[in-house]
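Visitor: Got a predicted model here, sequence first, then my questions.
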Amino acid sequence: MVNPTRGVLYPARLPEFHRLPAPAAVADLVAWFWIPEWDIEPGLSSRQEVVAYPALNLVVDAEAVTLSGATTRLSHRDLRGKSWAVGALLRPAAVAALIDDPTALVDGGRALDARGGDVAELQGAVVAAMGSGDGHRDRAVEVFAGWLAERVGPVEEPARQANALMEILMGEGAALTPEEAAARLAVSVRTLQRMTHRHVGLSPGAMIRRRRLQEAAVRVREQPDVDLASIAADLGYADHAHLTRDFQAVLGLAPRTYRSESSR
């Protein structure tokens with residue numbers, strides 16, 4: 001599994017956070033499950049800032065079941081009180097069963113109707129699992145995975161190809177350009193574009209930029225002795241200035257500033 005803090009800008013500020021592998025039955029549908037739990041003193045809040053993966057998340061909490069779209073900018077959530085959430089980072093194969101047009105959810109989300117039916121059953125089962133003592137996280141993932149497997153059904157070959165696309169754009173040794181990704185999949189760039197819009201809602205180029213920025217943030221934060229020009233070159237940025245522009249555009253601060261703040 002990838003670095004569990006990848007995408008999280010300030011890991012030291014996280015509440016209790018767990019990233020759990022997807023059970024075998026939903027390995028084609030979910031990259032991993034994630035569960036934050038928090039207990040914030042009354043009157044206080046904890047802001048969590050994230051450069052999210054270019055993917056959809058299905059999230060269950062005590063209030064709602066929400067399908068969140070891919071993002072193109074920095075996102076945050078202010079945590080208050082005592083609560084939790086159980087999220088599934090969805091693989092492309094799961095998306096079609098939940099939404100017809102994921103582009104409609106980019107930088108947004110929508111609550112699924114829980115008034116009766118299977119969504120209410122999912123929420124009730126996860127709420128019960130999270131309140132059940134030791135082993136609650138594993139039980140929450142188990143019931144979540146079972147619901148999703150039944151909702152999506154068998155994974156056909158086109159959906160498997162979409163999953164392969166995600167690995168090529170976001171996995172280890174990821175493609176650096178849409179042209180490289182298309183060549184690895186043996187499809188045209190136009191077909192690649194249609195696949196990413198249908199299953200993620202973003203262009204291939206946007207997904208590549210997001211992965212590169214995530215990795216840059218990890219290296220800037222965790223490798224304080226490595227100069228920024230070297231990080232930029234390793235990740236395919238044209239130069240240090242290109243890296244700085246990407247940071248400024250999405251995160252609103254320069255890499256040097258981020259390195260300084262993340263060390264506090």
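Guide: Right, received. Where do you want to start? Remember, it's a predicted structure, so these values are computed and weren't measured experimentally. Residues are numbered from 1 along each chain as shown.
Visitor: shaky segments in the stretch 101-250 of the chain?
Guide: Judged against pLDDT under 70, the low-scoring parts of the stretch 101-250 of the chain cover residues 114-116.
Visitor: quick one: the strands in it?
Guide: With DSSP state E, counting those that start in this stretch, the ranges of strands along the stretch 101-250 of the chain come out as 109-111.
Visitor: In this structure, which helix is the longest?
Guide: As assigned by DSSP state H, the longest helix anywhere in the chain is helix 204-222.
Visitor: buried ones in that one?
Guide: Judged by neighbour count (16 or more other CB atoms under 10 Å), helix 204-222 contains these buried residues: 204, 206-221. For the C-beta atoms, the positions are set from N, CA and C on the backbone; glycine is no exception.
Visitor: repeat for stretch 124-138
Guide: Neighbour-count burial for stretch 124-138, with 16+ other CB under 10 Å as criterion, is recorded at 125-127, 129-130, 136-137.
Visitor: Among these, name the ones in helices.
Guide: Taking DSSP H, the ones among the buried residues of stretch 124-138 that sit in helices are 125-127, 129-130, 136-137.
Visitor: now, which of those residues sits nearest residue 245?
Guide: Looking at those and their distance to residue 245, the nearest is residue 137, at 39.6 Å (CB to CB).
Visitor: wait, the closest one sits on residue 20?
Guide: Yes - in this structure, residue 137 is within contact of residue 20 by CB atoms under 8 Å, at 6.5 Å.
Visitor: Which neighbours do those two have in common?
Guide: Here residue 137 and residue 20 have residue 35 as joint contacts, going by CB atoms under 8 Å, 6 or more residues apart in numbering.
Visitor: which residues touch the residue nearest the centre of the chain?
Guide: The residue at the geometric middle of the chain, judged as the C-alpha nearest the mean C-alpha position with CA atoms, centre = their mean, is residue 53 (3.5 Å). Each residue near residue 53 by CB under 8 Å, 6+ apart is listed here: 7, 31, 70, 89, 170, 210, 214.
Visitor: roughly how far apart are residue 172 and residue 56?
Guide: Noted for residue 172: a distance of 22 Å to residue 56, by CB to CB, to the nearest Å.
Visitor: higher neighbour count, those two?
Guide: residue 56 (25 against 6; other CB atoms under 10 Å).
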